[in-house]
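Enquirer: below are the sequence and a predicted model; questions follow.
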Amino acid sequence: MIKKPRKINMLIRKWVSDLDYRLLFLVIIPLSLLLFVSLSSTPINSVFTLRSFIFNRTNSSDFISSCPLRPLNRTHSAKAELHQSRIAVCLVGGARRFELTGPSIVEKVLKEYPNADLFLHSPMDKNAFKLSLLKTAPRLGSVRIFEQKIVPQTEEQVRVLTAANSPNGIQGLLQYFNLVEGCLTMIESHQKQHNFTYDWIVRTRVDGYWNAPLHPQNFVAGQYTVPSGSVYGGLNDRLGIGDFYISKIALSRLSLIPKLDSTGYRQLNSESAFKAQLTTQNISYVENRLPFCVVTDRTYQFPPAHLGVPVAALSSPGPLSGAKCRPCTPICKDLCVADIMSSLDKRWSWTNWDNGTLELCNAHGDWENGWEKLFDRVSDKKLAAERRRVKVLKFEECVRDFTEMKQKAVKWEAPPVDEICRLGLGMT
């Protein structure tokens with residue numbers, strides 16, 4: 001048994017000694033090169049271009065179908081590029097329910113893009129003290145809390161706009177337009193002072209509740225992104241995202257009314273005036289589903305009629321794309337929702353409801369008793385804690401929060417912080 005391995009060993013040595021090493025090298029070197037190339041090369045169709053991802057998205061269904069390979073990595077890369085961009089977030093409106101909406105805006109929008117500068121344009125009233133929640137925003141560009149005054153009406157505005165379906169008539173529209181365009185003025189002033197131009201402007205509302213982060217797919221070059229649904233004869237104007245040039249046109253709600261008048265537009269509501277603004281200026285837009293709703297205290301008939309307004313339960317999975325909402329025990333789900341939503345006019349108050357994304361409230365009266373517990377249950381712990389903190393906020397805490405916020409802001413234009421806090425906490 002021992003002799004056989006020895007014999008084999010001798011045969012191997014003889015074979016090795018007889019090898020033609022020149023031939024061996026000729027075979028090994030090409031094989032090594034082939035192996036190296038095959039391991040280090042990347043197929044052309046797997047190369048991902050960041051700009052093509054961010055700039056060519058149109059809607060969420062396109063995003064899902066066109067990104068079958070490594071979608072998480074692509075999203076991460078797109079966000080990384082946005083984190084290198086200059087972004088302004090324009091936040092406008094009154095702070096009535098900001099204890100519910102504010103923390104969601106901070107978490108789902110501002111902290112998702114911590115390089116973004118926040119521009120706040122909000123009227124001074126008894127709810128303005130809640131804006132101190134923005135002290136946790138990563139960056140504050142400019143804050144303007146102002147005493148609201150009547151906006152003088154022009155003949156052009158009276159011709160172009162309608163008071164129908166506006167709670168405060170044409171003056172209500174003008175106040176809203178003034179808030180939006182005023183925010184643009186703040187951004188332009190900041191740009192001029194610091195000698196640069198923002199790559200992107202995100203315009204959203206103080207009363208928007210976000211239940212998921214703002215996705216990079218909504219930053220589309222050459223187009224203005226708006227929410228789908230709730231079009232009311234035009235385009236949903238409750239949020240907009242675009243580059244600076246496009247955003248300047250979209251946010252010029254007052255300045256472009258003379259242009260609409262000369263083009264012959266008459267009796268427009270906010271949404272139809274917004275669509276006319278974009279179309280007359282040849283601005284392309286894309287309608288996406290976005291994960292926020294507008295918290296409302298207004299009452300609406302239930303079930304809604306053909307042109308009625310559905311009010312979503314805050315617990316709806318969404319995305320709700322800026323539909324009206326409130327915290328409630330849903331009275332209508334599944335087949336009931338299908339029944340009601342299929343009867344609504346798609347050119348008016350209709351919003352996406354498929355796949356169980358929407359649950360409805362009976363909003364014919366005030367918010368139900370115990371709504372606070374309902375809100376705390378559907379929101380995360382951090383948002384619920386902020387709501388409770390505002391409810392028991394002390395004067396000294398309010399002043400301290402605003403002072404911290406003021407120190408963080410590049411520009412601050414507001415009444416004295418103690419005045420804001422006294423009014424909000426009922427001390428005057």
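Expert: Sure, I can see it. Quick caveat: nothing in here was measured; it's all calculated off a predicted structure.
Enquirer: secondary structure element for Trp367?
Expert: Using DSSP states H and E, Trp367 falls within no helix or strand.
Enquirer: if you skip the residues just before and after it, what's nearest to it?
Expert: Nearest residue to Trp367 in three dimensions, chain neighbours excluded: Arg326, at 6.0 Å (C-beta to C-beta, 6 or more residues apart in numbering). Using the backbone N, CA and C atoms, a C-beta is placed for each residue, glycine as well.
Enquirer: next one: the one you found relative to Val309, how far apart?
Expert: Going from Arg326 to Val309 by C-beta to C-beta, to the nearest Å gives 12 Å.
Enquirer: so between these two, which is more surrounded?
Expert: Set Arg326 next to Val309 and count neighbours by other C-beta atoms under 10 Å: Arg326 wins out with 27 against 22.
Enquirer: can you give me every residue that contacts that one?
Expert: Under the criterion of C-beta atoms under 8 Å, 6 or more residues apart in numbering, the neighbours of Arg326 are Val295, Thr296, Asp297, Val311, Ala313, Leu314, Cys361, Ala363, Trp367, Trp371.
Enquirer: so what's it bridging to?
Expert: Counting by DSSP bridges, Arg326 forms beta bridges with Ala313.
Enquirer: for Asp117, phi and psi?
Expert: Asp117 adopts backbone torsions of phi -90, psi 130, taken as degrees, to the nearest 10.
Enquirer: got it, and Pro167?
Expert: Dihedral angles (degrees, to the nearest 10) for Pro167: phi -50, psi -30.
Enquirer: and it, how many neighbours does it have?
Expert: The number of residues packed near Pro167 is 7, by other C-beta under 10 Å.
Enquirer: next one, pLDDT for the spatially closest residue to it that is not a sequence neighbour please.
Expert: Excluding its sequence neighbours, the residue lying closest to Pro167 (C-beta to C-beta, 6+ apart) is Arg298, at 7.3 Å. Looking at Arg298, its pLDDT reads 96.
Enquirer: next, Arg298: secondary structure please.
Expert: When classified by DSSP: H, G, I helix; E, B strand; the rest coil, Arg298 comes out as coil.
Enquirer: where do the helices sit along the stretch 301-428 of the chain?
Expert: Using DSSP state H, counting those that start in this stretch, the helices found in the stretch 301-428 of the chain span residues 334-341, 371-378, 381-391, 395-408, 417-424.
Enquirer: the longest one: which residues count as buried?
Expert: Residues of helix 395-408 classed as buried under the neighbour-count rule (16 or more other C-beta atoms under 10 Å) are Cys398, Val399, Asp401, Phe402, Met405, Lys408.
Enquirer: ok, the second one - contacts?
Expert: The neighbourhood of Val399, defined by C-beta under 8 Å, 6+ apart, consists of Val417, Asp418, Cys421.
Enquirer: now swap in the first one and tell me
Expert: By C-beta under 8 Å, 6+ apart, the contact list for Cys398 reads Phe129, Ser132, Val417, Ile420, Cys421, Gly424, Leu425.
Enquirer: please tell me how far it sits from Asp418.
Expert: Per C-beta to C-beta, Cys398 is found 9 Å from Asp418.
Enquirer: again with the fifth one
Expert: Using C-beta to C-beta, we find Met405 at a distance of 14 Å from Asp418.
Enquirer: the residue nearest to Ile331 when sequence neighbours are not counted: neighbour count?
Expert: The shortest distance from Ile331 to any non-neighbouring residue, by C-beta to C-beta, 6+ apart, is to Asn362 (4.5 Å). Neighbour count for Asn362, taken as other C-beta under 10 Å: 18.
Enquirer: distance check, Asn362 against Ser343.
Expert: To Ser343, Asn362 is 16 Å away according to C-beta to C-beta.
Enquirer: deepest-packed of the helices of the stretch 301-428 of the chain, please.
Expert: helix 417-424 (a mean of 19; mean count of other C-beta atoms under 10 Å).
Enquirer: ok, and what's touching that helix?
Expert: Helix 417-424 has contacts (C-beta under 8 Å, 6+ apart) with 124-130, 132, 145, 395, 398-399, 402-403, 406, 414, 427-428.
Enquirer: go with 7 Å
Expert: Outside of helix 417-424, the residues within contact range by C-beta atoms under 7 Å, 6 or more residues apart in numbering are 126-129, 145, 395, 398-399, 402-403, 406, 414, 428.
Enquirer: what's the answer for stretch 344-358, then?
Expert: 228-233, 289, 304, 306-310, 312, 316-321, 323, 334, 337, 341.
Enquirer: can you get me a residue count around Ser270?
Expert: The local packing of Ser270 (other C-beta under 10 Å) involves 23 other residues.
Enquirer: er, Val294 actually
Expert: Using other C-beta under 10 Å, Val294 is surrounded by 25 other residues.
Enquirer: can you pull out the helices in the stretch 51-200 of the chain?
Expert: Ranges of helices within the stretch 51-200 of the chain are 60-66, 71-83, 98-105, 155-160, 169-194, based on DSSP H, counting those that start in this stretch.
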